[in-house]
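In: Structure here, sequence nowhere to be found:
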């Protein structure tokens, strides 16, 4: 069974490979380490680090040594984090040390969520119906952004990891923790979705080529956004959202057609990533309960890659089971299906609830569990992870 924990290179550097293996394999009973290979900015409280309790990683960098031969003709190129230069290439250390640590290696790879690259390449980010850029989100319709994501994974698989986990090869929501976000309206989930719909030139060209009425869809969305901005307090315009999926918008045919098309650039990008990757490495998608909001067609994507990890944070066991059952039905019986569980307090207040969620997922058809996150939790919670592992093995 796939049993992994998400972590960062600086966690491994602070603890050391021997201690990492003792923690994950020995104490927690895990089989795999999932290290962030391409990541964004943030502020991290590091309870276990002996040297840095507060850590601010560089924005939009990669934690391996890119092969410059692959990137010479690419417009959008990765920047290697100074962490790699100063403290070592942990991806190389992990892959070379598999026999010693006993841990398989998975590469947690953020694809299109990259503010640094978005600021450098504003013509290749998603844009709302008013044409305003979302600098944190490269657009999956942009040829340059697609080439970046495809080459990134191809480059990573030169290290021959066991798995690559694709985060954000899709459209991102409007509210995605950009620095000091301000919203005095009180946007609801429906408002956030409307603001996240991309109408950049690349999407317009790609959708038009497919015969989709882009301008009609854009006019509908601008009207809905203008209307929500005029209300004293938020209210829902589409009563069936999000439970009905895109069917919530059936009364608006041009917008409905655009939403039906919107999964195409995401699905085809995942296919291109898989085709370019070393076949020795499994390629899986990290997705959420309502992945369609980001343009993910899980059934279509599942046919093209090796499976998916569905994040089920802060859910009751019954809901976790429903999500996993739906995921298994979408991707089929042969593909890998994992569940992502967070070990954060207070959503997890002890080993019992974590074990219940893990067992619900496995009983519903999951092939494994990824736990979040090694460096962000106290060491004693590794015992909670072990209790969850014992419940499913």
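Out: The structure has been received and is ready for your questions. A quick note: this is a predicted structure, and the numbers were derived from the prediction, not measured.

In: residue boundaries of the strands in the stretch 51-200 of the chain?
Out: Under the criterion DSSP state E, counting those that start in this stretch, strands of the stretch 51-200 of the chain are mapped to 54-55, 61-62, 104-110, 125-127, 133-138, 163-167.

In: Now do the residue nearest the centre of the chain, the pLDDT please.
Out: The centre of the chain sits closest to residue 167, judged by CA atoms, centre = their mean, with a distance of 2.5 Å. Looking at residue 167, its pLDDT reads 98.

In: thinking again about what came up before, please tabulate the strands of the stretch 51-200 of the chain in a markdown table, including the columns distance to residue 30.
Out: Glycine gets a C-beta too; all of them are placed from N, C-alpha and C. Output for the strands of the stretch 51-200 of the chain, formatted as a markdown table (distance: least, CB to CB, whole Å):
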| stretch | distance to residue 30 |
| --- | --- |
| strand 54-55 | 23 |
| strand 61-62 | 24 |
| strand 104-110 | 10 |
| strand 125-127 | 36 |
| strand 133-138 | 31 |
| strand 163-167 | 14 |
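
In: mind checking which of the ones you listed is nearest residue 309?
Out: Evaluated over those, closeness to residue 309 peaks at strand 163-167, with 6.1 Å, by CB to CB.

In: Would you mind listing the outside residues contacting the closest one?
Out: The contact list for strand 163-167, computed with CB atoms under 8 Å, 6 or more residues apart in numbering, reads 32, 34, 37, 104-111, 113, 153, 156-157, 270, 273, 277, 281-286, 305-306, 309, 370.

In: cutoff 7 Å now
Out: 34, 106-111, 153, 156-157, 270, 273, 277, 281-286, 309 (CB atoms under 7 Å, 6 or more residues apart in numbering).

In: ok, the residue nearest to the centre of the chain to residue 301 distance?
Out: Distance of residue 167 to residue 301, computed by CB to CB, to the nearest Å: 13 Å.

In: just residue 285 next, same as before
Out: Applying CB to CB, the value for residue 285 to residue 301 is 6 Å.

In: And for residue 142?
Out: Using CB to CB, residue 142 is found at 19 Å from residue 301.

In: And residue 182, by the same measure?
Out: 34 Å.

In: neighbour count winner among the two?
Out: Remark: of residue 182 and residue 301, residue 301 carries more neighbours, 28 against 6, as counted by other CB atoms under 10 Å.

In: residue contacts, residue 32?
Out: 2, 3, 4, 103, 104, 106.

In: Who does it form a beta bridge with?
Out: residue 4, residue 104 (DSSP bridges).

In: please begin residue numbering at 14 from this point
Out: Got it, first residue is 14 now, which makes that one residue 45.

In: out of the strands of the stretch 64-213 of the chain, nearest to residue 262?
Out: Proximity to residue 262 (CB to CB) singles out strand 138-140 among the strands of the stretch 64-213 of the chain, at 18.8 Å.

In: returning to that earlier point: adding neighbour count and distance to residue 66, write the contacts of residue 45 out as TSV.
Out: Below are these laid out as TSV (neighbours: other CB atoms under 10 Å; distance: CB to CB, whole Å):
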residue	neighbour count	distance to residue 66
15	23	31
16	23	28
17	29	25
116	21	26
117	19	30
119	27	27
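
In: May I see the residues you listed organised as CSV, with distance to residue 334 and pLDDT added?
Out: CSV is the format used below for these (distance: CB to CB, whole Å; pLDDT from 0 to 100):
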residue, distance to residue 334, pLDDT
15, 18, 97
16, 19, 98
17, 20, 98
116, 28, 98
117, 26, 98
119, 24, 98
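
In: Which of the residues you listed sits closest to residue 70?
Out: Among those, and counting by CB to CB, the member closest to residue 70 is residue 119, at 19.1 Å.

In: so the closest one touches residue 175, yeah?
Out: Yes - using CB atoms under 7 Å, residue 119 makes contact with residue 175 at a distance of 6.1 Å.

In: Strands along the stretch 264-406 of the chain, start to end?
Out: Applying DSSP E, counting those that start in this stretch to the stretch 264-406 of the chain gives strands spanning 295-300, 320-324, 349-355, 381-385.

In: got the contact list for the residue nearest to residue 160 when sequence neighbours are not counted?
Out: Spatially, and ignoring its direct neighbours in sequence, residue 160 is nearest to residue 87 (5.6 Å; CB to CB, 6 or more residues apart in numbering). With contacts defined as CB under 7 Å, 6+ apart, residue 87 is in contact with 160, 161, 164.

In: Show me which of the residues you listed are buried.
Out: For the contacts of residue 87, a neighbour count by 16 or more other CB atoms under 10 Å gives the buried set as 160, 161, 164.

In: picking up where we left off before, dump the strands of the stretch 264-406 of the chain to CSV, plus mean pLDDT and mean neighbour count.
Out: Shown next, in CSV, are the strands of the stretch 264-406 of the chain (pLDDT from 0 to 100; neighbours: other CB atoms under 10 Å):
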stretch, mean pLDDT, mean neighbour count
strand 295-300, 98, 24
strand 320-324, 98, 25
strand 349-355, 98, 24
strand 381-385, 98, 24
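
In: Now render those as TSV, adding distance to residue 30.
Out: Listed next are these as TSV, based on distance: least, CB to CB, whole Å:
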stretch	distance to residue 30
strand 295-300	23
strand 320-324	24
strand 349-355	24
strand 381-385	19
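
In: Against residue 140, how distant is the residue nearest to residue 352 when sequence neighbours are not counted?
Out: Nearest non-adjacent residue to residue 352, counting by CB to CB, 6+ apart: residue 374, 3.8 Å away. Per CB to CB, residue 374 is found 37 Å from residue 140.

In: More neighbours: which of those two?
Out: A direct count of neighbours by other CB under 10 Å for residue 374 and residue 140 places residue 374 higher, at 30 against 21.
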